[in-house]
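K.L.:
here are the coordinates; sequence isn't available:
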């Protein structure tokens, strides 16, 4: 039984939306990926409404077990951070209305999980996403590839948190004894295969 | 015919919600005020859902002409700015779903409009709100009074913008010749009565 994960790379202009199935043996199936969003000149209320409609349709269509979302930091790009945070509010609300748990992951966590390096470039992420999903080339634009990477990273970790805490912070708080058996199996599998994944 | 304004002072812990009717002669009628929100320990998705349900019910009950919202700055309190921005995303979406225009105002604009000073204290704002609305004492907590002040400030300005721009930026962009006759009358009334309001 695979875990169905929707990944969201949030943004007002380009909001990457993915859905992947992750098997207990870490095999990943890319189900769908797209980019929602609106041109920068569009009024803010119309932008948020467009993205809300897109995520509502995406969740209703794909019925995920969990939604993985990039965590927004107050120290991020000052010109876009408020808009990006507003998008995450709308995304989290859409999941909450459907009782879908939300997991927040930092870009560093995602890069490390997918490529083995927390400092991976956009190109390296796209390349690894293509390899993991057995695609001829990376999903485009980069926001789409990032949304897939987020979903993969989450599926391989198997941790879900409904707070602004990152998954790793949550794991530290709750302790591994509170993880489900499947989550513990994933973590063990991830640890044993990490250098293999990085070498692929 | 009065303008019905919902004012929102956004926050995850305390989200002030007000509704006022502002007549063309600047007379203000406080219709209702409350505070929504959730304790800090609550999961983020549950917090946003609680606030979304509260604003949905508030807008459906009061059917405002416009929603006035405090503008969030990236330079604000780092520990709360992301959560506050997420709340504003949810608030703006609720208005957009009902075709209610959203106006963003800075705290300085609101303080200046209501007290005559952009540096007014919380206590001074609460006192002026009570005077303007003919209340025996300021609405409590301060978030409630701030939500009323926002609605009053917007009603007295009469400008609405559906973007991250502040009302004053929008006015500068569009030029006063694009304001409605009622808006121009308000602005003229505001200019002639500003020192009176400040003295009250």
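P.N.:
It's in. Note that the structure is a prediction, hence the values are computed from the model and not measured.

K.L.:
ok, residue A:126 - how many residues close by?
P.N.:
Neighbours of residue A:126 under the rule other CB atoms under 10 Å in any protein chain shown: 24. The way it works is simple: take the backbone N, C-alpha and C, and place the C-beta from them, glycine included.

K.L.:
and the pLDDT at the closest residue to it other than its chain neighbours?
P.N.:
Distance criterion CB to CB, 6 or more residues apart in numbering or on different chains; nearest residue to residue A:126, sequence neighbours excluded, is residue A:138 at 3.0 Å. As predicted, residue A:138 sits at a pLDDT of 96.

K.L.:
in three-state terms, how would residue A:138 be classified?
P.N.:
Assigned by DSSP: H, G, I helix; E, B strand; the rest coil, the conformation of residue A:138 is coil.

K.L.:
phi and psi next, for it.
P.N.:
phi -60, psi 150 (degrees, to the nearest 10).

K.L.:
that one against residue A:131, yeah?
P.N.:
No. Contact between residue A:138 and residue A:131 fails when scored by CB atoms under 8 Å: they sit 9.3 Å apart.

K.L.:
more neighbours: which of the two?
P.N.:
Neighbours were counted for residue A:138 and for residue A:131 using other CB under 10 Å; residue A:138 has more, 22 against 15.

K.L.:
how close does residue A:130 sit to chain B?
P.N.:
Distance of residue A:130 to chain B, computed by CB to the nearest CB, to the nearest Å: 32 Å.

K.L.:
repeat for residue A:98
P.N.:
For residue A:98, the distance to chain B - CB to the nearest CB - is 10 Å.

K.L.:
contacting residues around that residue?
P.N.:
A:59-60 (CB atoms under 8 Å, 6 or more residues apart in numbering or on different chains).

K.L.:
quick check, pLDDT for residue A:157.
P.N.:
85.

K.L.:
hang on, residue A:39 packs against residue A:46?
P.N.:
No. In this structure, residue A:39 is not within contact of residue A:46 by CB under 8 Å, at 10.2 Å.

K.L.:
now do the end-to-end distance for stretch A:5-25.
P.N.:
Distance across stretch A:5-25, first residue to last, is 15 Å (CA to CA, to the nearest Å).

K.L.:
and that stretch, average pLDDT?
P.N.:
pLDDT averaged over stretch A:5-25 gives 97.

K.L.:
double-check that residue A:35 belongs to a helix.
P.N.:
No. Per three-state DSSP, residue A:35 lies outside any helix segment and is strand.

K.L.:
so what's the residue count around it?
P.N.:
Around residue A:35 there are 20 residues (other CB under 10 Å).

K.L.:
got it, and residue A:80?
P.N.:
Neighbours of residue A:80 using other CB under 10 Å come to 16.

K.L.:
pLDDT score for it?
P.N.:
For residue A:80, pLDDT reads 90.

K.L.:
pretty sure it contacts residue A:11?
P.N.:
Yes. Between residue A:80 and residue A:11 a contact is recorded at 7.3 Å, counting by CB under 8 Å.

K.L.:
spatially nearest residue to residue A:94 (excluding sequence neighbours)?
P.N.:
That would be residue A:55: by CB to CB, 6+ apart, it lies 4.6 Å from residue A:94.

K.L.:
which residues does that neighbour contact?
P.N.:
Shown in contact with residue A:55 (CB under 8 Å, 6+ apart): A:8, A:15, A:17, A:36, A:90-91, A:94.

K.L.:
again, but for residue A:97
P.N.:
So residue A:97 contacts B:49, B:52 (CB under 8 Å, 6+ apart).

K.L.:
helix or strand for the residue nearest to residue A:94, which one?
P.N.:
Assigned by DSSP states H and E, residue A:55 falls within helix A:44-62.

K.L.:
any idea which helix or strand comes after that helix?
P.N.:
Immediately after helix A:44-62, counting by DSSP H and E, sits strand A:66-70.

K.L.:
sheet partners, orientation included, of that following strand?
P.N.:
strand A:3-9 (parallel), strand A:102-105 (parallel) (DSSP bridges).

K.L.:
low-confidence regions, chain A specifically.
P.N.:
A:158-200 (pLDDT under 70).

K.L.:
now the most centrally placed residue in it: how far from chain B?
P.N.:
Centroid-nearest residue in chain A: residue A:150, 2.8 Å away (criterion: CA atoms, centre = their mean). Separation of residue A:150 from chain B (CB to the nearest CB): 17 Å.

K.L.:
name the SS class of that residue, please.
P.N.:
Secondary structure, three-state DSSP: residue A:150 is helix.

K.L.:
which non-adjacent residue is nearest it?
P.N.:
Among residues not flanking residue A:150 along the chain, residue A:7 sits closest, at 3.6 Å (CB to CB, 6+ apart).

K.L.:
partners of that neighbour in the sheet?
P.N.:
Those that pair with residue A:7 in a beta bridge, by DSSP bridges, are residue A:18, residue A:68.

K.L.:
residue A:109: helix or strand, and which one exactly?
P.N.:
helix A:107-115.

K.L.:
just want the angle from that helix to strand A:66-70.
P.N.:
Comparing the axes of helix A:107-115 and strand A:66-70 via axes from the mean of the first three to the mean of the last three CA atoms, to 10 degrees yields an angle of 120 degrees.

K.L.:
now do the buried residues in helix A:107-115.
P.N.:
A:107, A:109-115 (16 or more other CB atoms under 10 Å in any protein chain shown).

K.L.:
cool, and stretch A:40-49?
P.N.:
A:42-45, A:47-49.

K.L.:
okay, these in TSV with distance to chain B next?
P.N.:
Shown next, in TSV, are the buried residues of stretch A:40-49 (distance: CB to the nearest CB, whole Å):
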residue	distance to chain B
A:42	9
A:43	4
A:44	5
A:45	4
A:47	9
A:48	5
A:49	4
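
K.L.:
any chance of a markdown table for the strands paired with strand A:66-70, columns mean neighbour count?
P.N.:
Listed next are the strands paired with strand A:66-70 as a markdown table, based on neighbours: other CB atoms under 10 Å in any protein chain shown:
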| stretch | mean neighbour count |
| --- | --- |
| strand A:3-9 | 26 |
| strand A:102-105 | 25 |
